[in-house]
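1. this one's sequence-less:
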């Protein structure tokens with residue numbers, strides 16, 4: 001079909017040869033005047049021309065080219081100035097420079113026992129570092145140095161890392177000197193919160209970067225696993241994923257400050273304090289209970305009472321409440337009341353167990369219990385030790401809000417049957433009668449003076465205690481453990497051979513972490529704090545120590561935070577020749 005037919009042009013346009021211009025002009029004018037349709041065609045043609053002309057000179061901008069991976073040498077040249085060596089009295093490690101303000105990131109275990117640390121830069125400068133903050137739960141710590149011309153690392157994203165991707169580590173392993181060591185491998189696996197690599201890592205690499213081939217940090221080298229025979233494995237290393245680090249980096253860069261003693265205020269002006277207990281519930285409320293006595297010189301009387309107060313999160317201490325109180329007549333003895341256990345259940349009810357005596361000895365000591373539901377007064381006390389004279393005890397609560405109590409009746413109990421006794425209280429029930437745990441019977445010359453009880457999230461109970469001959473306590477102080485699976489009876493106690501190797505054993509304490517791993521810590525006559533853990537086959541691991549032999553520890557306490565992390569507070573004597581020198585170390 002002819003294009004002219006398609007457009008239905010007038011006869012003046014239907015020509016096969018070129019016309020003079022003025023004739024064409026006349027024809028166009030005549031056409032436009034005589035044919036309205038042609039007006040529309042010309043208008044559309046002009047608009048199309050305008051649109052075409054408006055696009056002239058414009059070119060589509062191409063997408064920027066994707067950054068290309070660097071060579072190994074180029075990656076090292078880019079990252080090396082940002083990698084530092086960290087030197088403490090206990091050894092060396094690695095770290096990375098985070099910013100020009102001098103913040104350095106490393107593993108907490110690199111500096112956890114150090115009071116101070118030195119940071120060595122690429123050019124050999126050695127700088128004294130301040131410990132800014134640390135996070136035990138993920139094994140990270142931030143130091144700070146003062147220096148100019150610091151080159152920070154580039155933090156990448158571990159979420160974009162591909163399995164099998166090439167990676168490089170830089171660090172200062174095995175204290176080989178001031179020159180950085182570079183190894184190369186691939187990403188072997190992802191094991192939240194870690195990136196696994198086959199790039200060789202060794203002691204001293206901890207805190208160094210795991211980088212991709214663009215020179216971006218995708219992880220912080222932290223661990224090299226060992227076999228059951230404590231032999232190091234090859235081809236398996238772990239780095240904390242950088243996305244995990246970014247999630248807490250803001251908090252880590254903020255200096256860690258201990259709250260002052262005045263931050264929580266004075267609980268009460270207790271007279272004649274006789275021991276106390278504190279606990280924190282799921283809402284971060286602090287519960288505090290203590291025993292106290294007040295004397296009246298005029299009539300030689302003495303009042304003994306157990307008192308409680310609570311500090312709700314963000315508030316002040318509440319007015320103290322008396323749990324129990326009774327008057328005593330001074331007869332040459334010192335009556336007492338000592339809290340022995342406190343727990344808060346899932347509904348906020350506070351449970352307290354205490355030991356009280358009218359004449360100050362064990363022969364008339366009674367163990368009692370009371371509870372306080374939220375918004376209600378304390379219940380009337382319940383006697384738990386009827387017919388028994390318990391010297392020590394321990395309270396635990398399980399996930400079903402059942403209370404568990406173990407107590408020891410020792411050798412000097414007027415002919416009674418000494419041993420370890422157990423009693424329990426369901427959430428809506430009353431306390432059971434106490435009964436002797438099988439295999440815990442003591443002879444008339446045996447004594448138990450350290451007892452500990454914990455419960456895991458499944459309701460399994462773990463008991464540990466030490467036993468010795470009271471006439472000669474240095475002969476042997478073995479430690480025993482027994483378990484009570486949920487809904488089952490107690491197992492027979494077994495001696496821990498690992499602990500027996502470390503006699504004489506002092507205090508014992510069991511603790512369970514967030515993954516239901518059970519640890520038993522104990523003191524030794526050498527002033528060291530050792531610990532062992534329960535293995536999947538129900539055996540106990542070899543003994544490890546919380547510190548070297550350069551400290552002499554006199555006491556310790558273990559604690560667990562809401563995330564399941566275990567902390568140890570140790571009391572030591574920095575100067576063995578000064579009996580009054582004491583300090584606390586937090587692990």
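-> Received the coordinates, thanks. Since the model is a prediction, treat every value here as computed from it, not as a measurement.

2. Settle this for me: residue 325 is touching residue 308, isn't it.
-> No: between residue 325 and residue 308 there is no contact under CB atoms under 8 Å: 11.9 Å. To be clear about C-beta, it is placed using only N, CA and C from the backbone, and glycine gets the same treatment.

3. Quick check: residue 337 vs residue 425, distance?
-> Residue 337 sits 21 Å away from residue 425, going by CB to CB, to the nearest Å.

4. Which one of the two is surrounded by more residues?
-> residue 337 (24 against 20; other CB atoms under 10 Å).

5. could you pull out the helices for the protein?
-> Applying DSSP state H to the chain gives helices spanning 3-7, 21-34, 36-54, 72-79, 108-111, 242-252, 497-500.

6. who does the fifth one touch, helix- and strand-wise?
-> The helices and strands touching helix 108-111, judged by 3 or more CB pairs under 8 Å, 6 or more residues apart in numbering; DSSP states H and E, are strand 83-88, strand 91-97, strand 126-135, strand 140-144.

7. For the shortest one, buried residues please.
-> Okay, so that is strand 140-144. Of the residues in strand 140-144, those with enough neighbours to count as buried (16 or more other CB atoms under 10 Å) are 140-144.

8. quick one: which of those is nearest to residue 216?
-> residue 140 (18.4 Å; CB to CB).

9. Is the closest one in contact with residue 104, as I believe?
-> No: using CB under 8 Å, residue 140 is not in contact with residue 104, being 11.4 Å away.

10. low-scoring pLDDT stretches of the stretch 251-400 of the chain, where are they?
-> 256-274, 293-303, 327-334, 358-364 (pLDDT under 70).

11. Next, count neighbours for residue 313.
-> 10.

12. That one touches residue 281, doesn't it?
-> No: using CB under 8 Å as the test, residue 313 is too far from residue 281 to be in contact (9.5 Å).

13. Quick one: find the helix or strand in the chain with the lowest mean pLDDT.
-> helix 3-7 (a mean of 38; mean pLDDT, DSSP states H and E).

14. What about residue 78, how many residues nearby?
-> 17.

15. Skipping adjacent residues, who's closest to it in space?
-> With sequence-adjacent residues excluded and distances taken as CB to CB, 6 or more residues apart in numbering, residue 78 is closest to residue 215, at 4.0 Å.

16. how close does the one you found get to residue 100?
-> Counting by CB to CB, the gap from residue 215 to residue 100 is 18 Å.

17. So which of the two has more stuff around it?
-> Between residue 215 and residue 100, counting by other CB under 10 Å, residue 215 is the more crowded of the two (21 against 12).

18. can you pull the contacts of that one?
-> Shown in contact with residue 215 (CB atoms under 8 Å, 6 or more residues apart in numbering): 70, 74-75, 78-79, 154.

19. how close does residue 174 get to residue 343?
-> Counting by CB to CB - residue 174 and residue 343 are separated by 48 Å.

20. Outline the domain layout of the protein.
-> Domain assignment for the chain by automatic domain parsing gives 72-252, 267-383.

21. out of the ones you listed, deepest packed?
-> When the domains of the chain are scored by mean count of other CB atoms under 10 Å, the highest mean neighbour count falls to domain 72-252 (a mean of 18).

22. Just confirm residue 508 contacts residue 462, I think it does.
-> No: using CB under 8 Å, residue 508 is not in contact with residue 462; the gap is 11.3 Å.

23. re the thing from before, with distance to residue 457 added, can I get the domains of the chain in a markdown table?
-> Shown next, in a markdown table, are those (distance: least, CB to CB, whole Å):
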| stretch | distance to residue 457 |
| --- | --- |
| domain 72-252 | 18 |
| domain 267-383 | 13 |
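
24. Out of those domains, which gets nearest to residue 535?
-> Across these, closest to residue 535 is domain 72-252 (CB to CB), at 9.4 Å.

25. how long is the closest one from one end to the other?
-> Using CA to CA, to the nearest Å, one end of domain 72-252 lies 31 Å from the other.

26. rewinding a little: among the contacts of residue 215, which pair sits farthest apart?
-> 74 and 154 (13.4 Å).

27. Would you format the contacts of residue 215 as TSV with pLDDT and distance to residue 451 included?
-> TSV is the format used below for these (pLDDT from 0 to 100; distance: CB to CB, whole Å):
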residue	pLDDT	distance to residue 451
70	96	62
74	96	63
75	97	58
78	97	59
79	97	54
154	96	55
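
28. what would those residues look like in JSON lines with distance to residue 437?
-> Supplementary listing: these in JSON lines, determined by distance: CB to CB, whole Å:
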{"residue": "70", "distance to residue 437": "66"}
{"residue": "74", "distance to residue 437": "68"}
{"residue": "75", "distance to residue 437": "62"}
{"residue": "78", "distance to residue 437": "64"}
{"residue": "79", "distance to residue 437": "60"}
{"residue": "154", "distance to residue 437": "60"}
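
29. Give me the neighbour count for the closest residue in space to residue 461 that isn't next to it in sequence.
-> Closest residue to residue 461 apart from its sequence neighbours, by CB to CB, 6+ apart: residue 484 at 4.0 Å. The local packing of residue 484 (other CB under 10 Å) involves 21 other residues.
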